[in-house]
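S.K.: sequence and predicted model, in that order:
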Amino acid sequence: MRHAMLAATLAASVAIPATLANATDLEVTHWWTSGGEAAAVAELAKAFDATGHKWIDGAIAGGGNTARPVMISRITGGDPMGATQFNHGRQTEELIEAGLMRDLTDIAEAEGWKDIVRPSSLLDSCTVDGRIYCAPINIHSWEWLWLSNKAFEDAGVEVPTNWDEFVAAAPKLEEAGKIPLAMGGQPWQSGGAFRVMLSSLAGPDVYKKVYGDKDTDAAAGPEIARVFEAADNARKMSAGSNVQDWNQATNLVITGQAGGQIMGDWAQGEFQVAGQTAGEDYTCLPGLGVNAVMSTGGDAFYFPVLQDEEQKKAQGELAALLLKPETQLAFNLKKGSVPVRGDVDLEAANDCMKKGLDILAEGRTIPSGEQLMSQDSLNQINDLVVEFFNTPSMTAEDAHKRFVDIVASAD
Ligand code: GAL
């Protein structure tokens, strides 16, 4: 009896709680460093920490084009993180083909992702040769024009309902000391805005022909010539921006110094952090108020292949956690994006997110640039557009010709 009691006492004293026993630190990299983005990623960290593991935050500033090379070099260089954000789509093709990224198919099947994730294109963007390599976490759409109600009130002009009214209001905005169109200096921003002008003004079908089929006849066509005329207006309207980061440009709109910004709906996170209300302080025009479509791009978490069993277990738990309804709600409301699952109660969604949800529900969606074109080809277009924005001597015709050449060799 005495031995049994002693053994039981000993066992109790050395027993370690399950969570502590397999509590694992997992380093997670991403490029979410603005106020809204940080608020959103904090929700993921909180949820992961609640499991007993520890989210070691690896935020990399400077936006995707700065962060992605760092992430890729760490994975290819033998210093992988536990998990990393990328845009879902073609950015990770080579890492997956090299066998450096974990196959999540077993987790996806156990969690029923195929039945949960909508539209299914999100999971398709994670799938290579029938195997699933990422956990999609949101739907972000580039196709938005964000307008400062105060800037237009100060200029004595009605808030525009479409791109042409916005362009027509530019002189009054300038007279009132406003920058008509806020634009950060990094190439991905003007390149993204150009893509939105193309999908909105030339229309979704032409967009898919150019970015999806790499159709040079479509790229050289009159609709795209009109898009470059719109881009010519945009570069004149954004000339006074003088900011680098996207959220600095968003802040120009939030503070009423600029009339508007073409930016993805992650901008909503900034309006929220600033305490601004959609429909009251700012107005959102999907598809520039011309062709209301949503691109179904966004973010996903990828998991490098690791050897440590505890790390691998923690990876699997994080992957499953990201798509749980409560995680989806907490993260996406802060991020300004739409959840990847349709069974999340979005009563708390604001007017702009509800516009996006309606467009999604009506199926008026287009693939994102990252889903259609390699990042290298997208970067070539981004570099052309930022050069066009910064080189007044370059005509719209010159830029259009160079655009066709890039499309001809794009993949
Ligand atoms: C996008 C990403 C968004 C957003 C944005 C600006 O590529 O999908 O989550 O944060 O970059 O950083």
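M.R.: Now that the structure is in, tell me what you want to look at.
S.K.: for T84, pull up the helix or strand it's in.
M.R.: strand 83-87 (DSSP states H and E).
S.K.: torsion angles phi and psi at the closest residue in space to Y302 that isn't next to it in sequence?
M.R.: Among residues not flanking Y302 along the chain, C134 sits closest, at 4.8 Å (C-beta to C-beta, 6 or more residues apart in numbering). No exception for glycine: its C-beta is placed from N, CA and C like everyone else's. Backbone geometry at C134, expressed as degrees, to the nearest 10, gives phi -150, psi 160.
S.K.: quick revisit: so what strands line up beside the strand holding T84?
M.R.: Applying DSSP bridges to the sheet, strand 83-87 is found paired with strand 25-30 (parallel), strand 299-302 (antiparallel).
S.K.: and stretch 38-57 with the ligand, contact?
M.R.: No. Counting by C-beta under 6 Å from any ligand atom, the ligand has no neighbours in stretch 38-57; the shortest distance is 8.4 Å.
S.K.: what's the average pLDDT for that stretch?
M.R.: Regarding stretch 38-57, the rounded mean pLDDT is 98.
S.K.: so how far is D154 from L104?
M.R.: Using C-beta to C-beta, to the nearest Å, L104 is found at 50 Å from D154.
S.K.: neighbour count: these two, which is higher?
M.R.: Higher neighbour count among L104 and D154: L104, with 23 against 17, using other C-beta atoms under 10 Å.
S.K.: list phi and psi for the residue lying closest to that one once chain neighbours are set aside.
M.R.: Nearest non-adjacent residue to L104, counting by C-beta to C-beta, 6+ apart: I132, 5.0 Å away. Dihedral pair for I132: phi -100, psi 130, per degrees, to the nearest 10.
S.K.: pLDDT at A61, what is it?
M.R.: pLDDT, read off for A61, is 92.
S.K.: my guess is it meets T33, correct?
M.R.: Yes. In this structure, A61 is within contact of T33 by C-beta atoms under 8 Å, at 4.5 Å.
S.K.: these two: who's more crowded?
M.R.: Between A61 and T33, T33 has the larger neighbour count (other C-beta under 10 Å), namely 16 against 11.
S.K.: assumed the more buried one was part of a helix.
M.R.: No. Remark: T33 does not belong to a helix; assigned using DSSP: H, G, I helix; E, B strand; the rest coil, it is coil.
S.K.: ok, it to A59 distance?
M.R.: For T33, the distance to A59 equals 5 Å [C-beta to C-beta].
S.K.: in TSV: the strands paired with strand 83-87, plus mean neighbour count.
M.R.: Formatted as TSV, the strands paired with strand 83-87 follow (neighbours: other C-beta atoms under 10 Å):
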stretch	mean neighbour count
strand 25-30	20
strand 299-302	25
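S.K.: where does the stretch 51-200 of the chain have low pLDDT?
M.R.: Along the stretch 51-200 of the chain, the model assigns pLDDT under 70 to no residue.
S.K.: run a quick neighbour tally on I56.
M.R.: Neighbour number of I56 under other C-beta under 10 Å is 15.
S.K.: can you tell me which residues contact it?
M.R.: I56 makes contact with 25-28, 82, according to C-beta atoms under 8 Å, 6 or more residues apart in numbering.
S.K.: hmm, try it at 10 Å
M.R.: By C-beta atoms under 10 Å, 6 or more residues apart in numbering, the contact list for I56 reads 24-29, 45, 48, 81-82.
S.K.: can I get these in JSON lines including distance to S148?
M.R.: Listed next are the contacts of I56 as JSON lines, based on distance: C-beta to C-beta, whole Å:
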{"residue": "T24", "distance to S148": "45"}
{"residue": "D25", "distance to S148": "43"}
{"residue": "L26", "distance to S148": "40"}
{"residue": "E27", "distance to S148": "38"}
{"residue": "V28", "distance to S148": "34"}
{"residue": "T29", "distance to S148": "33"}
{"residue": "A45", "distance to S148": "32"}
{"residue": "F48", "distance to S148": "36"}
{"residue": "M81", "distance to S148": "38"}
{"residue": "G82", "distance to S148": "40"}
